[in-house]
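Enquirer: Got a sequence here, can you build the structure:
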Amino acid sequence: HLSGSIKPVLETLINLRSEGKHLEITFLLIPGLNDSESEYTEMVQWISLNLGENTPLHISRYFPRYKLKTEPTPADLMYRFYEIASNYLSYVYLGNVEMPGTSDTYCPKCKTLAISRSGYSTEIKLLNNSFCSNCGYQIDIMS
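Expert: Okay, the predicted model is just below:
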């Protein structure tokens, strides 16, 4: 069991954002440890409100390692958390799981595929100097 305070972490995230630094967050989803939908929803709402809806969130799938032998995160739970986050954030990605479309970047305004990802392969589809080639919206993750 870990102890400590989340307050310094949250303050650091706010400070990084206020200084204009590029910020991405990774959330390791572990069944039975941090899979409360209500707590997760609160976290995602906090990110949107305090760091901005364009803050990228990566949801990573847990696999058993070393001392923690919990079963791997089920794919359907991964997708459920992806859906929850997508209600509040523009750039949500799933990691360590193969689910079509969940690693891609879509334009938040017109929903057009801007960047396609599969494994380690990335293909820029509709970007023109960080702007969506379809509607002109600035894709903030490129800054």
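
Enquirer: For this protein, just list every one of the helices.
Expert: For the chain, helices defined by DSSP state H occupy the ranges 7-18, 37-51, 75-86.

Enquirer: from the middle of its chain, how far away would the second one be?
Expert: Relative to its chain's centre, helix 37-51 lies at 12 Å (C-alpha atoms, centre = their mean, to the nearest Å).

Enquirer: same thing with the first one?
Expert: On the basis of C-alpha atoms, centre = their mean, helix 7-18 sits 17 Å off its chain's mean C-alpha point.

Enquirer: Residues in contact with that helix: which ones?
Expert: 23, 25, 46, 50, 51, 52, 55 (C-beta atoms under 8 Å, 6 or more residues apart in numbering). Backbone N, C-alpha and C define where each C-beta goes, glycine included.

Enquirer: Please work out how many residues are found near the third one.
Expert: For residue 46, the number of neighbouring residues by other C-beta atoms under 10 Å comes to 13.

Enquirer: Over to the last one?
Expert: Using other C-beta under 10 Å, residue 55 is surrounded by 23 other residues.

Enquirer: now it, nearest residue through space, not along the chain?
Expert: Of all residues not flanking residue 55 in the chain, residue 47 sits nearest, at 5.5 Å (C-beta to C-beta, 6 or more residues apart in numbering).
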